[in-house]
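Student: Make a model of this:
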Amino acid sequence: MLTHPTLETLHALGLHGIAKGFKAMEAEPAAAAMTHADWLALILEHEVTYRGQKRFEARAGRAKLRQAAVVEDVDYRAVRGLDRTLFLKLTSCQWIHDHRHVILTGPTGIGKSWLACALGHKACREDISVLCYRVPRLFAALDLARGDGRYAKLLASLARPKLLILDDFGPQVMTADHRRDLMEIVEDRYGRGSLLITSQLNVKHWHEVIGDPTMADAILDRIVHAAYRIDLDGETLRKPKDGEELA
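Tutor: Residues are numbered from 1 along each chain as shown. Sure thing, here's the model as predicted:
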């Protein structure tokens with residue numbers, strides 16, 4: 001069999017994983033003793049793996065996670081009150097399928113954003129769509145979109161992912177526009193998607209951040225009662241040299 005023409009044909013058909021598997025099998029002496037069915041099954045497995053990796057890379061790119069964090073690297077020895085049992089439960093991503101939320105609170109440098117990104121990364125690996133925004137930048141983007149006619153389109157893009165990560169909620173009191181923005185985001189996802197919110201402030205202070213008691217009740221009613229809570233406390237885990245948060 002002519003190896004190179006076959007590889008070229010496979011690549012032309014977009015079967016890059018099979019091409020890789022075909023090349024590997026051609027170089028494997030033991031492959032000659034395999035049945036056609038086993039040989040085919042192995043090269044098809046290469047294609048499945050290749051396509052799964054490409055889907056993951058595309059999801060991770062669209063997610064815009066701020067930190068390269070993975071759940072396997074979480075340090076449960078750090079003194080910050082992280083409930084290992086609960087966090088491991090969250091890594092299954094069932095809470096996203098159930099349209100529940102996660103609220104991660106704690107002081108600066110305790111690892112909130114890192115943990116959020118780790119859960120976001122795990123969701124990407126589980127074929128779940130994710131989008132991450134720092135809340136101040138999100139509100140700035142919505143302000144711009146309000147002025148140039150892209151507001152509805154931006155809101156639709158926020159409603160689309162199965163998991164929306166809102167990093168660094170508060171502590172500034174919201175404007176009336178931002179209260180309405182948050183209400184729209186929460187309402188669009190109610191019963192259809194999940195939120196992961198990080199904040200320096202405990203949930204009991206979120207009414208003050210939202211600013212309007214009626215709006216605060218409506219927003220928090222849709223989030224808090226369906227949320228897993230992780231309240232961290234302790235010394236900062238930031239590295240003194242580069243300022244990154246540790247797991």
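Student: Heading C-terminal from the longest helix along the chain, find the next helix or strand.
Tutor: Longest helix of the chain, by residue count under DSSP state H: helix 36-63. The element immediately downstream of helix 36-63 (helix or strand, assigned by DSSP states H and E) is helix 84-90.
Student: by contact count, what packs against that next one?
Tutor: In this structure, helix 84-90 makes packing contacts with strand 227-231, judged by 3 or more Cβ pairs under 8 Å, 6 or more residues apart in numbering; DSSP states H and E. All C-beta atoms are positioned from the backbone trio N, CA, C, and that covers glycine.
Student: Give the buried residues for the strand it packs on.
Tutor: The neighbour-count check on strand 227-231 (16 or more other Cβ atoms under 10 Å) flags 227-228, 230 as buried.
Student: As CSV, the residues you listed with pLDDT would be great.
Tutor: Shown next, in CSV, are the buried residues of strand 227-231 (pLDDT from 0 to 100):
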residue, pLDDT
Ala227, 97
Tyr228, 97
Ile230, 96
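Student: out of those residues, which one sits closest to Asp143?
Tutor: Ala227 (26.9 Å; Cβ to Cβ).
Student: What residues are bridge-paired with that closest one?
Tutor: Beta bridges link Ala227 to His101, judged by DSSP bridges.
Student: how near is it to Gly61?
Tutor: Per Cβ to Cβ, to the nearest Å, Ala227 is found 27 Å from Gly61.
Student: try Ser113
Tutor: Taking Cβ to Cβ, one finds Ser113 at 19 Å from Gly61.
Student: Torsion angles phi and psi at the residue nearest the centre of the chain?
Tutor: Centroid-nearest residue in the chain, with Cα atoms, centre = their mean: Gly120, separated by 2.3 Å. When read as degrees, to the nearest 10, the backbone of Gly120 gives phi -60, psi -40.
Student: isn't it right next to Lys64, touching?
Tutor: No. Here Gly120 does not reach Lys64: they are 9.3 Å apart, not a contact under Cβ atoms under 8 Å.
Student: Show me how the protein divides into domains.
Tutor: For the chain, the structural domains run 3-62, 64-231, going by automatic domain parsing.
Student: closest one to Leu237 among those domains?
Tutor: domain 64-231 (5.1 Å).
Student: Quick one: distance of the closest one to the chain centre.
Tutor: 10 Å (Cα atoms, centre = their mean, to the nearest Å).
Student: what's the span of that domain, first residue to last?
Tutor: In domain 64-231, first residue to last residue: 24 Å (Cα to Cα, to the nearest Å).
Student: residue ranges for the helices of this structure, please.
Tutor: Assigned by DSSP H, the helices in the chain fall at 3-12, 16-26, 36-63, 84-90, 94-97, 112-125, 135-148, 151-159, 176-189, 206-210, 213-223.
Student: Tell me which of those approaches Gln200 most closely.
Tutor: helix 112-125 (8.1 Å).
Student: For Ala19, give me the pLDDT.
Tutor: With respect to pLDDT, Ala19 scores 76.
Student: Distance of it relative to Leu13?
Tutor: Distance from Ala19 to Leu13, by Cβ to Cβ: 9 Å.
Student: the more surrounded of the two?
Tutor: Ala19 (22 against 10; other Cβ atoms under 10 Å).
Student: Surely that one touches Ala12?
Tutor: No. Checked against Cβ under 8 Å, the pair Ala19 and Ala12 is beyond contact range at 9.7 Å.
Student: can I assume Lys162 is in contact with Asp127?
Tutor: No. Counting by Cβ under 8 Å, Asp127 is not a contact partner of Lys162; they are 9.6 Å apart.
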